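A.B. asks: Provided below for reference: sequence and predicted model.
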Amino acid sequence: MPSLIPVSALFRRARAGGGRGSNVLSSFLAFLFLAALPSTLLLMACATNPYSKYYVDETRGAAVAEGKDAQPRSRIPPQIRLYSARMMEDERRAMEDDYKRIGYSSFVAPDASRSDLVEAAEKAGAELVLLQRQYASTTTVYRPMTRITDTRTHYRVISGNRPVFVQSTTQQSTTYYVPRALTEYRYYATFWRESPPPRLGLVVEDTTDADKRRIQSNSGVKVFAVVKNSNAFKADLFAGDIIVSIDADKVGSVDGFYGLVDKYAGGDAYLTLIRGDRVLEKMVRIDYRDDQLSPFED
């Protein structure tokens, strides 16, 4: 971007030239500066990628680090899907496809381009983005426009007993403010990355108060999503099942559940679960992986 010359410096150069044209030049330069100022500010605002600026990494850098260490893959841009009215179902489908959420970005802006979104996703190491764009507000902004008009005055003076006709020209500048509608939108984007094959294939969440009253227990976790073709999928576990124990160990919380998955990795385990009004037992294989798990992997 070319450097901006202070207006005061331009005015000093114009006055240094002297003569009637100095006022004309000064007014013209002021007009050019005022006309270009909104465009300059707009370009400066657009230079920042809003998706990257407001990005929140939920993996503490693990996703980016693993993305750099991973084998190069084909240059396929990240998938971009629009959120539907049922956002939770959209995220459940992403989890069923074995995507793990690694971060999000939320902001309000007049416009955000698709190229900015792709750039932010690649920078974060994401392979899938779920995007929501909603109308936020419309405000009126005013852009200054300056009009310069010439006023010519003719008068007669006496010079050496002879009349001389003289013309004087003065400039007058008038600034108008042109209204413009500025529409802003609320953007919410979640960034996802495909993870290695899961050991079990369950995404769980805490039970609600209604769930606890129904099963008459404060323990247990509810299955939110089942990864397709995983061990849990093959054992016929469904979203909505409430897991109360793994073998002889009672499941007390989400962290406790994943701790038991670590404990029984490398063998078969019996999951006791509640489905509707029935208590079921499912034998499930929990695979073992000797690689260190990232925070965003189950």
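C.D. replies: Ah, there it is.
A.B. asks: When you work out contacts or count neighbours from here on, use the C-alpha atoms and nothing else.
C.D. replies: OK.
A.B. asks: Could you pull up the residues touching residue 241?
C.D. replies: Contacts for residue 241 were tallied using Cα atoms under 8 Å, 6 or more residues apart in numbering; they are 222, 223, 273, 274, 275, 276.
A.B. asks: Looking at those residues, which has the smallest pLDDT value?
C.D. replies: Here the lowest pLDDT out of the contacts of residue 241 sits on residue 276, with 91.
A.B. asks: now it, nearest residue through space, not along the chain?
C.D. replies: Excluding its sequence neighbours, the residue lying closest to residue 276 (Cα to Cα, 6 or more residues apart in numbering) is residue 241, at 7.9 Å.
A.B. asks: what's the most distant pair in the contacts of residue 241?
C.D. replies: Farthest pair in the contacts of residue 241 (Cα to Cα) is 223 and 276. Separation: 13.0 Å.
A.B. asks: ok, these two, which is more surrounded?
C.D. replies: residue 223 (20 against 11; other Cα atoms under 10 Å).
A.B. asks: excluding its backbone neighbours, what's nearest that one?
C.D. replies: Excluding its sequence neighbours, the residue lying closest to residue 223 (Cα to Cα, 6+ apart) is residue 204, at 4.4 Å.
A.B. asks: Test my guess that that neighbour contacts residue 224.
C.D. replies: Yes: using Cα atoms under 8 Å, residue 204 makes contact with residue 224 at a distance of 5.0 Å.
A.B. asks: Looking at the two, which one has more neighbours?
C.D. replies: residue 204 (24 against 20).
A.B. asks: Where does the more buried one sit: helix, strand or coil?
C.D. replies: Going by DSSP: H, G, I helix; E, B strand; the rest coil, the secondary structure assigned to residue 204 is strand.
A.B. asks: who touches it in this structure?
C.D. replies: Neighbouring residues of residue 204 by Cα under 8 Å, 6+ apart: 221, 222, 223, 224, 225, 254.
A.B. asks: what domains does the record give for the chain?
C.D. replies: Structurally, the chain divides into domains by automatic domain parsing as follows: 1-47, 49-139+183-194, 202-286.
A.B. asks: between those, which gets nearest to residue 151?
C.D. replies: With Cα to Cα as the criterion, residue 151 lies closest to domain 1-47 of the domains of the chain, at 11.8 Å.
A.B. asks: could you give the mean pLDDT of the closest one?
C.D. replies: pLDDT averaged over domain 1-47 gives 47.
A.B. asks: do stretch 195-213 as well
C.D. replies: Averaged across stretch 195-213, the pLDDT comes to 92.
A.B. asks: cool, and stretch 139-157?
C.D. replies: 81.
A.B. asks: Restrict that stretch to CA atoms and write it as PDB.
C.D. replies: Provided in PDB are the C-alpha atoms of stretch 139-157 (Å, rounded to 0.1, in the frame of the first residue of the first chain):
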ATOM      1  CA  THR A 139     -26.800   0.700  10.200                       C
ATOM      2  CA  THR A 140     -26.400   3.900   8.200                       C
ATOM      3  CA  VAL A 141     -22.900   5.300   7.700                       C
ATOM      4  CA  TYR A 142     -22.100   8.600   6.000                       C
ATOM      5  CA  ARG A 143     -19.400   9.100   3.500                       C
ATOM      6  CA  PRO A 144     -18.000  12.700   3.100                       C
ATOM      7  CA  MET A 145     -18.100  14.100  -0.400                       C
ATOM      8  CA  THR A 146     -16.600  17.600  -1.100                       C
ATOM      9  CA  ARG A 147     -17.700  19.900  -3.900                       C
ATOM     10  CA  ILE A 148     -15.600  22.800  -5.000                       C
ATOM     11  CA  THR A 149     -17.200  25.800  -6.700                       C
ATOM     12  CA  ASP A 150     -15.600  28.900  -8.300                       C
ATOM     13  CA  THR A 151     -16.900  32.400  -7.800                       C
ATOM     14  CA  ARG A 152     -15.600  35.000 -10.300                       C
ATOM     15  CA  THR A 153     -15.800  38.700  -9.500                       C
ATOM     16  CA  HIS A 154     -15.300  41.500 -12.100                       C
ATOM     17  CA  TYR A 155     -14.400  45.000 -11.000                       C
ATOM     18  CA  ARG A 156     -12.800  48.200 -12.500                       C
ATOM     19  CA  VAL A 157      -9.900  50.100 -11.100                       C
END
